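In: Sequence first, then the predicted structure:
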Amino acid sequence: MPQESQKSQKHHSRKMYCIAVICLLIFVGMLASASRPRKTSHLSLNELATSDYFERVSAANLEDRTWFTVELKNLKERPLRELGENCSAYRFLWLRSFHSPLTVTVYFPDKGESILCGKSQTDEPSIGEKDALGEKVVKEIKITLTAEQADKIRETFEDSHFFSLDCYDEYTQPPLIDFELAGRTYRYFYGKGYAHKDGAHWLLEGYDHGRHRVLERQSPGQDQVKQLADFLMREAKLLPANVREIY
């Protein structure tokens, strides 16, 4: 092969290699940009989307994310990731079949006071004919924690190895395969398959300086999620006295 032709071929190969590398970098940049969460602190509750509360990496069951988001908005709760890189927090959302929703959140900022916040939703009686069904009112309590109280709560969650706990139980495990094609739904569950029981959904979120994890249960027994949630409600003085209301 003539020397001139070989040089031309090498030059063409280097050019194609450079083009491929540039395309790859652009593609990676687009993926990074798409996966980067948007800033939401300036948005109203109505403007917040489900993905603002629960990203895929949080491990929340995708089928339930919209429902959880609606209930959190009803309780005037915002996404935990808005706390930024200088805070950790845990939030329990309790969605019971026969009682009003409840949430308890504990905040541990790197600088400043730790706060325990509990919210419950109650039905206020109607005042006039226009409000025949009454309205739902959010009642909130805030407790500024002492250093000793904050350490107790933080250590309880750290000792549980929260970020290593199973995200689901057998009743909340999402399907491995779940899609629609030509009007038909194709769904495959690993192991025991689909299971469901009536009662309540227990959702426990953990946020640690940008890392977010979601644990989901249905009317759990004495597993660690229930123990941690009971602990938070007890600290906020919101644990029902009537054991029949705890399910």
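Out: Nice, I can see it. Since the structure is predicted, the reported quantities are computational estimates derived from the model, not experimental observations.

In: Only C-alpha atoms from now on, for both contacts and neighbour counts.
Out: Noted.

In: What ranges does this structure have for its helices?
Out: All helices of the chain, identified by DSSP state H, fall at 3-35, 50-53, 65-74, 147-159, 224-235.

In: how about residue 89, what does it touch?
Out: By Cα atoms under 8 Å, 6 or more residues apart in numbering, residue 89 lies in contact with 80, 105-108, 206-208.

In: can you put these in TSV and add neighbour count?
Out: As requested, those are exported to TSV (neighbours: other Cα atoms under 10 Å):
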residue	neighbour count
80	24
105	23
106	26
107	22
108	23
206	21
207	23
208	19
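
In: Now flag whichever of these is closest to residue 70.
Out: Closest approach between the contacts of residue 89 and residue 70, by Cα to Cα: residue 80, at 14.9 Å.

In: How about that closest one, nearest residue that isn't a chain neighbour?
Out: For residue 80, ignoring the flanking residues on the chain, the nearest one in space by Cα to Cα, 6 or more residues apart in numbering is residue 207 at 6.7 Å.

In: Check that neighbour and give its pLDDT.
Out: Confidence at residue 207, expressed as pLDDT, is 97.

In: For residue 214, see how far away it is.
Out: To residue 214, residue 207 is 9 Å away according to Cα to Cα, to the nearest Å.

In: next one: residue 77
Out: 16 Å.

In: Residue 99 too?
Out: For residue 99, the distance to residue 214 equals 22 Å [Cα to Cα].

In: neighbour-wise, which of the two wins?
Out: Counted by other Cα atoms under 10 Å, residue 99 and residue 214 do not tie: residue 214 has more neighbours, with 25 against 13.

In: The more buried one pairs with what?
Out: residue 205 (DSSP bridges).
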